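Asker: What follows is a predicted structure for the sequence shown.
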Amino acid sequence: MSSSSPQRSPRHSGGCQCGAVRFALYSDPLKIGICHCRMCQKAVAGPFAVLAEVPQHQFAWTRGTPATFQSSTRAMRDFCAACGTPLSYRHSGGPIIELLTGAFDQPDRVPPSYAVGTESMLAWLAEVAALAGKTTSANLGPAPPDLVSFQHPDHDTEPAWQPARTSLPGP
């Protein structure tokens, strides 16, 4: 970027689980929705996808380059080739990219306001809010003192960031 160009500040950032691919949004999403279609269910290996729509010119990959799977004649789906995290849905050459909100550093800042693909909505989703719940520590117990997470933190880090690795016990 030349010195005469103003530096853009991201409104949102995010990336994959391992940190190899990161992104920035320079505006708020145009809209955020839940997609229940079967193709999105398969793409995220879950009951639905939550996608934030952003103009391409307000978006940038800031670390790494995602791999792409063409899931139809219309759809391209970007993901991290290193850890497999699904990241986006887009039309090839289109003006919009839709980012999976679970990949945002602060997913609570991008709540959905509509749903599509409802013909494929799983019937049991209506019961989810009524399920009994536990915190992670109540479910698994306290983390052992030697536990090391290899997941990238939910914020931007230096380009050379690498998680602390420990050797794993053999079989």
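Answerer: Received, thanks. Residues are numbered from 1 along each chain as shown.
Asker: any idea how far residue 9 is from residue 152?
Answerer: In this structure, residue 9 and residue 152 are 21 Å apart, going by CB to CB, to the nearest Å. Using the backbone N, CA and C atoms, a C-beta is placed for each residue, glycine as well.
Asker: Please say which of these two ends up with more neighbours.
Answerer: residue 152 (24 against 7; other CB atoms under 10 Å).
Asker: The more buried one and residue 21 touch, don't they?
Answerer: No: contact between residue 152 and residue 21 fails when scored by CB atoms under 8 Å: they sit 9.6 Å apart.
Asker: Mutual contacts of the two, please.
Answerer: Common contacts of residue 152 and residue 21, defined by CB atoms under 8 Å, 6 or more residues apart in numbering, comprise residue 15.
Asker: Pop out the phi and psi values for the most centrally placed residue in the chain.
Answerer: Centroid check for the chain by CA atoms, centre = their mean gives residue 103 as the closest residue, at 2.1 Å. Backbone torsions of residue 103, given as degrees, to the nearest 10, read phi -90, psi -10.
Asker: Residue numbering should commence at 44 henceforth.
Answerer: Let's use 44 as the start, then, which means that last one is residue 146.
Asker: all strands of the chain, in order?
Answerer: Ranges of strands within the chain are 55-58, 65-68, 74-78, 92-98, 102-106, 110-113, 118-122, 129-134, 139-143, 157-159, based on DSSP state E.
Asker: what would the ones you listed look like in CSV with mean pLDDT, distance to residue 150 and mean neighbour count?
Answerer: Converted to CSV, the strands of the chain look like this (pLDDT from 0 to 100; distance: least, CB to CB, whole Å; neighbours: other CB atoms under 10 Å):
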stretch, mean pLDDT, distance to residue 150, mean neighbour count
strand 55-58, 97, 8, 24
strand 65-68, 97, 13, 22
strand 74-78, 98, 10, 19
strand 92-98, 98, 8, 21
strand 102-106, 96, 17, 17
strand 110-113, 97, 22, 13
strand 118-122, 96, 17, 20
strand 129-134, 97, 13, 21
strand 139-143, 98, 9, 22
strand 157-159, 97, 17, 12
